[in-house]
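Peer 1: coords below, sequence missing:
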C-alpha cells in the first residue's frame, strides 16, 4: 500500500482529480457548443484550433519557466486555478465567442496542469529514490482509467446531464 501513502499518494490523488476535471469538460465541449450555444460547425473548428494552440503555447511557456527554476508547484496551482475559473466561466457562457475566449485564455493555461504535474511526479520519484518510470506509468494509468470512465459515466447517465451541470461537477473536483 506504499503507493497510496505519503507524498506519492497525495500526488496520485491530485493527478486523478485533475484528470477527472478534464474528463468532465472535454468530451462534452462539442455538444455544449452545438446544443447549448448553437455554434456552427466552422466555429467548432476555430474553437478546437484556438484551444489546442493556446494549450501548446501555455504548456511550453510554463514548462520553460519550470525548467528555468520557477516553482512548478506555483505554476501548477495557477493552471488548476485557470481550469477552475474556466468551469465557472463556461457555466455562464451564452454565446460561442464567449466560449472561445474562455477556451483560449483559461483552458489554455489549464492545459499545462497535466504536464506540470507529471514533471512534479518525476521530480518526487527522483528525490524519494523511487523508480521514476514505474511511478510515471502508474500515474498515467490512473489518468487513462479516468478518461475511460468519465465520458462513459456522462454518456450513460439516464438524463444525459446538461453541459452546465457537468461544468459545476468539474468545479467540485478542482476545489
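Peer 2: Right, received. Where do you want to start? The structure displayed is predicted, hence computed values, not measured ones. Residues are numbered from 1 along each chain as shown.

Peer 1: All the helices of this protein, in order from the start?
Peer 2: Secondary structure of the chain (DSSP state H): helices located at 6-31, 41-67, 72-92, 96-102, 108-111, 113-127, 132-156, 163-174.

Peer 1: mind putting those helices in JSON lines, mean neighbour count and mean pLDDT included?
Peer 2: C-beta coordinates here come from the backbone N, C-alpha and C atoms, glycine included. Supplementary listing: those in JSON lines, determined by neighbours: other C-beta atoms under 10 Å; pLDDT from 0 to 100:
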{"stretch": "helix 6-31", "mean neighbour count": "19", "mean pLDDT": "79"}
{"stretch": "helix 41-67", "mean neighbour count": "16", "mean pLDDT": "94"}
{"stretch": "helix 72-92", "mean neighbour count": "19", "mean pLDDT": "91"}
{"stretch": "helix 96-102", "mean neighbour count": "18", "mean pLDDT": "96"}
{"stretch": "helix 108-111", "mean neighbour count": "26", "mean pLDDT": "92"}
{"stretch": "helix 113-127", "mean neighbour count": "19", "mean pLDDT": "86"}
{"stretch": "helix 132-156", "mean neighbour count": "15", "mean pLDDT": "75"}
{"stretch": "helix 163-174", "mean neighbour count": "19", "mean pLDDT": "58"}
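
Peer 1: Quick check on residue 112: phi, psi?
Peer 2: Main-chain torsions, residue 112, degrees, to the nearest 10: phi -80, psi -10.

Peer 1: From here on, call the first residue 18.
Peer 2: Right, with 18 as the first residue, what we last looked at is residue 129.

Peer 1: ok, residue 35 - contacts?
Peer 2: Residue 35 is in contact with 97, 100, 130-131, 134, 191, counting by C-beta atoms under 8 Å, 6 or more residues apart in numbering.

Peer 1: Farthest out from the centre of the protein, which residue is that? Tell me.
Peer 2: Of all residues in the chain, the one whose C-alpha sits farthest from the chain's mean C-alpha position, using C-alpha atoms, centre = their mean, is residue 146 at 28.1 Å.

Peer 1: Phi, psi for it please.
Peer 2: Backbone torsions for residue 146, taken as degrees, to the nearest 10, come to phi 70, psi 30.

Peer 1: Ok, residue 86 next?
Peer 2: Its backbone dihedrals place residue 86 at phi 110, psi -10, with angles given as degrees, to the nearest 10.

Peer 1: I'd like to know how many residues surround it.
Peer 2: By other C-beta atoms under 10 Å, the residues close to residue 86 number 7.

Peer 1: Distance of it relative to residue 92?
Peer 2: Residue 86 sits at a distance of 11 Å from residue 92 (criterion: C-beta to C-beta, to the nearest Å).

Peer 1: can you count the residues close to residue 53?
Peer 2: Tallying neighbours of residue 53 according to other C-beta under 10 Å, which is how burial is gauged here, yields 18.
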